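Peer 1: Sharing a sequence plus its predicted fold:
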Amino acid sequence: MLLVVTGPLFPAPKLPVPSAEFKLSITRALADQLAEKLRALTPAPLTADLLDAVEQRTGVYELYLRGRRIYVGKARKDLRQRLGNHLRKLSGRTNLSLDDISFICLYVDEDLDAAAPETLLIKKYRNEGGSPWNTNGFGNKDPGRNRDDSLVKAKHFDALYPIDLDREVDGVSPGVQTVRHLLTSVKAKLPYNLRFETKEKIKSELQGTEIDVPSISLTTREIVRRAVDVLPEGWQATALPGYVILYNEDRMYASAHAVWHKQNGKVYEIAGEGRLDLTGEVEQDADESE
């Protein structure tokens, strides 16, 4: 019998392994610690009284709708102011009650921009129900004149919770004043945006036309109608899902909820189409945290 040996009779000794791979996830550890601290807090109603107790410090916060986390944000300067801005914005929406909104917050004195704690928390919560308002345009600013014609996405915050035109505007000064003065004053008081003509030749009509504001509470709908009534024919106000515009134009916007224009000396309010874009995801602006 022939025995064929193809290898060494004795195996070579194993060499020591002096190295290994180690990955330290500092960001995951930070997210876990933040989430743990936040879980220990009890959500409180988003009210002016309770916000007065929030310190004017940097930090992160979460908003809840009927007990479900819906938004994670940060404040680079002032948590109280940031949450107050949300309270103001939410107060001017339909399909939404402030009684259903609550919040928690955590003071973070480290460099928020470097740590991006709200981004870490958003990623961590993806498998825990997420935070849907972080991706539906809740924090977006005025998209600008060029976007007025765009259809609003069906999942957008403005489509789900359109502006409340019948909410009374507090603190409007009564008496005779220019339309421009009235609109500027109302713009500062509304919980949503009011944008109006800025072109000098046309804007002069806003500055040169006077309006007598009564000493009674007025809604946005009533103020807009009165402004269109005193302006020359050709001016039009339009209520889009998230804001109101007033321009010298004759134009129908696909997403409009209501339009006001004057014809033969009479103001007409016309219901808009209110069309929505049923395709695609909501475009999210850059973070607007303070």
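Peer 2: Yep, that arrived.
Peer 1: Show the low-confidence segments of the stretch 51-200 of the chain, by residue range.
Peer 2: Along the stretch 51-200 of the chain, the model assigns pLDDT under 70 to residues 112, 114-115.
Peer 1: which stretches of the stretch 1-150 of the chain form helices?
Peer 2: Per DSSP state H, counting those that start in this stretch, the stretch 1-150 of the chain carries helices over the ranges 26-39, 48-51, 79-90, 112-115, 117-124.
Peer 1: Specify the residue ranges that define each domain of this structure.
Peer 2: Residue ranges for the domains of the chain, per automatic domain parsing: 33-135, 147-277.
Peer 1: Ends of the shortest one, what's the gap?
Peer 2: So that's domain 33-135. End-to-end distance for domain 33-135, by Cα to Cα, to the nearest Å: 24 Å.
Peer 1: what's the answer for the last one, then?
Peer 2: Using Cα to Cα, the end-to-end distance of domain 147-277 comes to 14 Å.
Peer 1: how many other residues sit next to residue 133?
Peer 2: By other Cβ atoms under 10 Å, the residues close to residue 133 number 20. From N, CA and C alone the C-beta is placed, and that goes for glycine too.
Peer 1: Excluding chain neighbours, what is closest to it?
Peer 2: residue 71 (3.9 Å; Cβ to Cβ, 6 or more residues apart in numbering).
Peer 1: Next, the contact list for the one you found, please.
Peer 2: 62, 63, 131, 132, 133, 134, 138, 139 (Cβ atoms under 8 Å, 6 or more residues apart in numbering).
Peer 1: could the residues you listed be laid out in a markdown table, adding distance to residue 44?
Peer 2: Formatted as a markdown table, those follow (distance: Cβ to Cβ, whole Å):
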| residue | distance to residue 44 |
| --- | --- |
| 62 | 11 |
| 63 | 11 |
| 131 | 18 |
| 132 | 21 |
| 133 | 18 |
| 134 | 21 |
| 138 | 20 |
| 139 | 21 |
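Peer 1: which residues does the nearest residue to residue 91 once chain neighbours are set aside contact?
Peer 2: Distances taken as Cβ to Cβ, 6+ apart put residue 191 closest to residue 91, at 5.1 Å, once the chain neighbours are dropped. With contact taken as Cβ under 8 Å, 6+ apart, residue 191 is in contact with 88, 89, 90, 91, 92, 93, 167.
Peer 1: And residue 191, how far from residue 15?
Peer 2: 71 Å (Cβ to Cβ, to the nearest Å).
Peer 1: where along the stretch 1-150 of the chain do the strands fall?
Peer 2: 44-45, 59-65, 68-75, 101-107 (DSSP state E, counting those that start in this stretch).
Peer 1: Tell me which of those approaches residue 280 most closely.
Peer 2: Judged by Cβ to Cβ, the one of the strands of the stretch 1-150 of the chain that comes nearest to residue 280 is strand 68-75, at 21.1 Å.
Peer 1: what are the pairing partners of the closest one, and which direction each?
Peer 2: Strand pairing for strand 68-75, determined by DSSP bridges: strand 59-65 (antiparallel).
Peer 1: what angle sits between the partner strand and helix 79-90?
Peer 2: 30 degrees (axes from the mean of the first three to the mean of the last three Cα atoms, to 10 degrees).
Peer 1: what's in contact with strand 59-65?
Peer 2: Contacts for strand 59-65 (Cβ under 8 Å, 6+ apart): 34, 38, 43, 46, 69-75, 79, 82-83, 86, 100-108, 112, 117-118, 121, 131, 133.
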